[in-house]
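> for reference, the sequence and a predicted model appear below.
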Amino acid sequence: MLQPMRRHALLVIASPRSGATALAGALAHAGALAGRTFVEPRAGEAPATWQCAPLVALNDRLLAAIGLRWDSLVAPPERWRERPGVRSLVTDADALLAAEFGAAEHIVLHDPRLAVTAPFWRERLEAADFEACAAILVRRPIEVAASLAKRGSHAPEKTFALWLHSLAETERNTRGMPRTLVTYDRLLDAPAGVLSHVVAECRFGLRIERAQREAALTSIRPDLKHFGEERTPMPAGLSSGIDAVVEDGYRRLAMLAPGTDPKRTIEALAQEAYAALTQAIPPWLAQELANGRIHAEQLADSLAETRAKLAALQASLHQTQQAHETRDRHEAAMRTRIETLSRIDSDEGRDARVDEALAQLRNDVGRIAYTLSDQPAREQALRRELADAQRDLEDERTTISRLSESLEHERAAAEAQKAQLALAQAHLQALVAEVEQSRANEQAWNEHNASLNRELEETRNAIHSMQSDRDALRKERDEAVRQFERLKGDLDSARTDLRILDNDRTALAARAQAVDHAAGALREELGRRATSETAIVAERDRLAAELRSQADRLAGLERDLAKRMSELTMLSGRHELMKTTLSALERSWIGRKALAGTRRAPA
């Protein structure tokens with residue numbers, strides 16, 4: 001029997017603001033399904049995002065479960081897909097694929113977060129009988145930085161580092177599946193060729209009809225490159241050099257021949273950018289980011305554990321309610337049985353029914369004895385049967401007594417269950433309050449961390465500006481020194497000429513009587529030389545004064561730099577003080593309780 005053809009899923013992955021929406025929209029117009037519920041576009045942007053809203057929400061939950069966000073610059077932890085918080089989302093992921101894509105043969109998943117979460121979705125897609133492939137879309141880093149600058153407060157260094165981090169994670173997480181790399185510029189310049197190339201290289205298997213192809217090509221317009229945004233001027237060059245490194249890497253990626261795997265080029269780019277990244281993001285800041293990810297991951301694990309406990313408590317509460325209802329039914333049944341067997345306040349009471357039963361038995365025995373008087377053996381048997389009936393009656397009375405005691409025990413157990421239910425509800429409310437407090441603490445910590453990052457960035461920019469001013473002043477000082485040396489040489493030359501003239505004047509004085517006219521001319525020349533020397537000396541004094549002024553200005557700038565460095569040291573001291581305070585809190589009982597509540601908070 002022929003095996004049914006597998007379905008195909010294409011992951012369109014790119015860093016934020018890289019034009020992946022255009023490619024996903026073209027594939028959707030060509031016949032692939034991109035979902036049923038999409039993210040709403042921002043004001044002034046393209047009318048369709050083609051981003052499946054439930055997919056984006058679940059990706060955010062996946063990243064939060066491992067302590068990351070969409071703009072995090074740290075790699076996910078090892079074996080992150082095996083973590084309980086991630087495994088708890090498997091059912092939701094399978095339900096999402098079924099609800100958003102149904103039985104579609106060709107689907108498109110489009111979200112920048114797939115750069116990190118692609119392995120998780122590849123696993124779920126294969127479980128749903130999809131064959132996964134990937135299209136990696138790259139855009140010039142300077143254009144991505146300009147686009148993000150219009151929509152947020154990301155510094156240029158952060159944007160370039162995010163572009164490189166997203167590219168490296170995408171390459172690493174799509175290994176082993178059919179994939180291809182295309183540039184946004186090429187998509188806009190030759191959309192027909194790029195669309196055919198993506199379908200062929202990724203083995204997507206999508207057969208595009210003529211009308212669908214025309215609709216797909218019409219959806220890709222060159223004006224999409226700056227749709228709803230103005231060009232934002234970027235710095236000519238960053239001091240770290242990260243912008244130049246990633247721009248050069250983009251050019252090399254754009255020059256790759258179609259069908260060439262980009263692994264080596266991207267790995268080489270990551271190695272070349274290491275020094276620039278270290279300067280743009282110092283190691284201590286990278287360590288702080290890593291520690292922040294670990295803390296957020298711990299908070300996410302704590303939240304998952306709290307949710308599991310909450311679910312267990314809810315299940316226990318439901319079981320308790322069911323047990324309580326079952327006991328109520330048993331209690332009602334026992335009451336009915338007891339009332340049936342023994343109605344104390346009725347005319348057909350227990351004693352009356354017993355007497356009636358005895359009388360009936362005696363009448364029956366009498367009739368049997370009268371009828372079978374010639375059969376003593378049968379009479380003896382009937383007497384034994386009568387004795388057994390009397391014993392059964394006594395046993396029934398004993399059973400009634402035991403049922404009454406059991407009813408009392410059940411009532412006591414029901415009261416205990418009610419008390420446990422009340423305790424469980426109180427504990428549940430306390431857990432909810434702890435979760436809310438942990439969320440508030442996490443938000444406060446994030447705001448404080450963002451404030452410190454902004455202060456650090458402002459201080460770094462100020463230091464960079466002062467260093468530029470200092471370099472300019474040093475250049476002016478060096479130029480003034482060179483001019484002083486040149487004038488000093490001219491002065492020495494003039495002094496030498498003066499000595500020569502003095503010698504000539506002495507010789508001419510000996511011959512004064514013979515050459516009076518020549519001596520008069522020489523005296524005039526000496527006067528001009530003296531005037532020139534005076535002017536040179538004045539210029540030398542002016543240059544010396546200017547040199548002293550430049551030295552004073554340089555000293556003032558160095559004092560300003562020292563002041564800024566002391567402010568940076570003060571910020572570091574504040575950070576150390578916060579660490580000391582945290583350590584002091586961990587040593588105190590109240591602090592440990594507060595920190596324990598914080599660690600159970602969500603990411």
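Yep, that arrived.

> against E539, how distant is I463?
38 Å (CB to CB, to the nearest Å). For every residue, glycine as well, the C-beta is placed using N, CA and C.

> quick one: contacts for D261?
By CB atoms under 8 Å, 6 or more residues apart in numbering, the residues touching D261 are R179.

> quick check: it vs N461, distance?
40 Å.

> before we move on, what about K475?
On the measure of CB to CB, K475 and N461 end up 22 Å apart.

> what do you get for R6?
R6 is 54 Å from N461, by CB to CB.

> I208 now?
I208 is 50 Å from N461, where distance means CB to CB.

> between those two, who's got more neighbours?
I208 (19 against 12; other CB atoms under 10 Å).

> helix, strand or coil: sort out the more buried one for me.
coil (DSSP: H, G, I helix; E, B strand; the rest coil).

> contacts only, for it.
30-31, 195, 199, 216.

> now it: phi and psi?
phi -100, psi 120 (degrees, to the nearest 10).

> again with H110
phi -130, psi 110.

> just checking, A34 touches L27?
Yes: counting by CB atoms under 8 Å, A34 touches L27, with 7.3 Å between them.

> quick check: neighbours shared by the two?
V108.

> neighbour count: the two, which is higher?
L27 (28 against 25).

> for the longest strand along the chain, packing partners?
Assignment by DSSP state E gives strand 130-138 as the longest strand of the chain. If you count contacts as 3 or more CB pairs under 8 Å, 6 or more residues apart in numbering; DSSP states H and E, strand 130-138 packs onto strand 7-13, helix 20-29, helix 114-127, helix 156-173, strand 179-183, helix 184-189, helix 242-254.

> what angle do that strand and helix 114-127 make?
Strand 130-138 and helix 114-127 are oriented at 160 degrees to each other (axes from the mean of the first three to the mean of the last three CA atoms, to 10 degrees).

> quick check: mean pLDDT of the helix or strand that comes right after strand 130-138?
Going down the chain from strand 130-138, the next helix or strand is helix 141-149, by DSSP states H and E. In this model, helix 141-149 has a mean pLDDT of 87.

> list the contacts of L253.
Counting by CB under 8 Å, 6+ apart, L253 has contacts 138, 181, 183, 262, 265-266, 269.

> same check, this time on G102
So G102 contacts L33 (CB under 8 Å, 6+ apart).

> need the pLDDT of it.
91.

> show me what contacts E546?
A480.

> switch the cut-off to 10 Å
476-477, 480, 483-484 (CB atoms under 10 Å, 6 or more residues apart in numbering).

> name the element it belongs to?
helix 516-587.

> narrow the contacts of E546 to those in strands?
Those of the contacts of E546 lying in strands (DSSP E): none at all.

> tell me how many other residues surround V12.
26.

> try E558
13.

> state the distance from it to H464.
For E558, the distance to H464 - CB to CB - is 16 Å.

> kindly report the same for A480.
Relative to H464, and taking CB to CB, A480 is found at 25 Å.

> and what of A32?
Taking CB to CB, one finds A32 at 48 Å from H464.

> the more surrounded of those two?
A32 (24 against 13).

> how is the chain partitioned into domains?
Domains of the chain are assigned by automatic domain parsing as 7-281, 304-440, 448-571.

> now the terminal residues of the last one, how far apart.
Across domain 448-571, the straight-line distance between its terminal residues is 13 Å, by CA to CA, to the nearest Å.

> distance of G85 from A95?
G85 is 17 Å from A95, by CB to CB.

> again but with A145, I slipped
Taking CB to CB, one finds A145 at 38 Å from A95.

> of these two, which one has the most company?
A145 (24 against 12).

> quick check: that one touching V246?
Yes: counting by CB atoms under 10 Å, A145 does reach V246; the two are 9.4 Å apart.

> now list whatever residues contact both of these two.
159-160, 163.

> distance to G67 added to those residues, as TSV?
Converted to TSV, the shared contacts of A145 and V246 look like this (distance: CB to CB, whole Å):
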residue	distance to G67
T159	22
F160	23
W163	22
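
> nearest to V116, of these?
Distance ranking of these against V116, using CB to CB, places W163 first at 14.4 Å.

> what's K263 sitting at in phi/psi?
Per degrees, to the nearest 10, the backbone of K263 is at phi -60, psi -50.

> with adjacent residues omitted, what lies nearest to it?
Of all residues not flanking K263 in the chain, E171 sits nearest, at 6.0 Å (CB to CB, 6 or more residues apart in numbering).

> can you check L568 too?
Using CB to CB, 6+ apart, the closest residue to L568 is T459 (5.4 Å).

> wasn't the one you found part of a helix?
Yes: assessed with three-state DSSP, T459 lies in a helix.

> residues contacting it?
By CB under 10 Å, 6+ apart, the contact list for T459 reads 564-565, 567-568, 571.

> and those residues, which are buried?
564, 568 (16 or more other CB atoms under 10 Å).

> TSV for the contacts of T459, including pLDDT and distance to R42?
What follows is the contacts of T459, written out as TSV (pLDDT from 0 to 100; distance: CB to CB, whole Å):
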residue	pLDDT	distance to R42
R564	79	38
M565	83	42
E567	80	38
L568	80	37
L571	80	35
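
> out of the contacts of T459, the closest to I107 would be?
Using CB to CB, the contacts of T459 come closest to I107 at L571, 49.5 Å.

> distance of the closest one from L73?
L571 is 21 Å from L73, by CB to CB.

> then P112?
14 Å.

> equivalent analysis for L11, please.
L11 is 22 Å from L73, by CB to CB.

> between these two, point out the one with more neighbours.
Remark: of L11 and L73, L11 carries more neighbours, 27 against 19, as counted by other CB under 10 Å.

> isn't the more buried one right next to W121, touching?
Yes: between L11 and W121 a contact is recorded at 7.0 Å, counting by CB under 10 Å.

> shared neighbours of these two, anything?
109, 111, 114, 132, 173.

> quick check, the last one in contact with P76.
Which is N173. Yes: between N173 and P76 there is a contact under CB under 10 Å: 9.2 Å.

> give me the common contacts of the two.
Contacts common to N173 and P76, judged by CB under 10 Å, 6+ apart, are 116-117, 119.

> closest one of the residues you listed to L543?
Nearest to L543 among those, with distances taken as CB to CB, is V116, at 62.5 Å.

> thought the closest one was touching L162?
No: shown here, V116 and L162 do not form a contact pair, counting by CB under 10 Å, at 12.0 Å.

> neighbour count: these two, which is higher?
Legend: neighbour count by other CB under 10 Å for V116 and L162, higher for V116 (25 against 22).

> need the pLDDT of that one.
95.

> spit out the contact partners of it.
Counted by CB under 10 Å, 6+ apart, V116 has contacts 13, 59, 62-63, 66, 68, 70, 72, 75-76, 80, 165-166, 169-170, 172-173.

> now do R7
Contacts of R7 by CB under 10 Å, 6+ apart are 101, 103-107, 125, 128-131, 205.

> drop anything exposed from those.
101, 104-107, 125, 130-131, 205.

> from those residues, which shows the smallest pLDDT?
G205 (87).

> return the residues in contact with that residue.
Counting by CB under 10 Å, 6+ apart, G205 has contacts 5-8, 10, 105-106, 131, 133, 199.

> I'd like those residues as TSV, with distance to E45 appended.
Output for the contacts of G205, formatted as TSV (distance: CB to CB, whole Å):
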residue	distance to E45
M5	37
R6	35
R7	31
H8	29
L10	23
E105	30
H106	26
E131	32
C133	28
V199	27
